[in-house]
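# Curious how this folds, go ahead:
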Amino acid sequence: VVVADSRSPRDGKFIEIIGTYDPKKKDHNSTLKLDRIDHWMSCGAQPSDTVRSLIKKNRKVAVAAPVGAAAPSVAEG
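Got it, this is the predicted structure:
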């Protein structure tokens, strides 16, 4: 998954790699840099329909399992 200028050819030069997608895998078939996607979309980038659905799917996973959330510990005394 890349950011590319709309005037560039499909297989031409790109600006930044923002993720990967393997449609043949069943589970965990994509990894996206959501922070960079937010940056580029705030600059006016338009995702394709497929990438838009991948973004929605990855945001749901990120909300369901927040990064860095640790289980509460019980202090014994």
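# all contacts plus neighbour counts: C-alpha atoms, from now on.
Fine.
# any weak-confidence spans in this protein?
Across the chain, the ranges flagged by pLDDT under 70 are 65-77.
# the strands in it, which residues?
When secondary structure is read from DSSP state E, the chain shows strands at 2-3, 16-17, 19-21, 30-32.
# Determine which of those strands approaches Ile55 most closely.
Ile55 sits nearest to strand 30-32 of all the strands of the chain, at 7.5 Å, using Cα to Cα.
# check contacts around the most centrally placed residue in the chain.
With distances taken as Cα atoms, centre = their mean, the residue of the chain nearest its centroid is Leu32 (2.4 Å). Under the criterion of Cα atoms under 8 Å, 6 or more residues apart in numbering, the contact list for Leu32 reads Val1, Ile18, Gly19, Thr20, Ile55, Asn58.
# how close does the second one get to Val2?
Right, Ile18. 5 Å (Cα to Cα, to the nearest Å).
# One more: the third one?
Shown here: Gly19 relative to Val2, a distance of 7 Å by Cα to Cα.
# The top helix by length along the chain packs against which elements?
Among the elements of the chain assigned as helix by DSSP state H, the one spanning the most residues is helix 49-64. For helix 49-64, the elements it packs on are strand 30-32, judged by 3 or more Cα pairs under 8 Å, 6 or more residues apart in numbering; DSSP states H and E.
# What strands line up against the strand it packs on, and which way round?
strand 19-21 (antiparallel) (DSSP bridges).
# List the buried residues for the strand it pairs with?
Gly19 (16 or more other Cα atoms under 10 Å).
# From the chain's centroid, how far away is it?
8 Å (Cα atoms, centre = their mean, to the nearest Å).
# hmm, who's touching that strand?
With Cα under 8 Å, 6+ apart as the criterion, strand 19-21 contacts Val1, Val2, Asn29, Ser30, Thr31, Leu32, Lys33.
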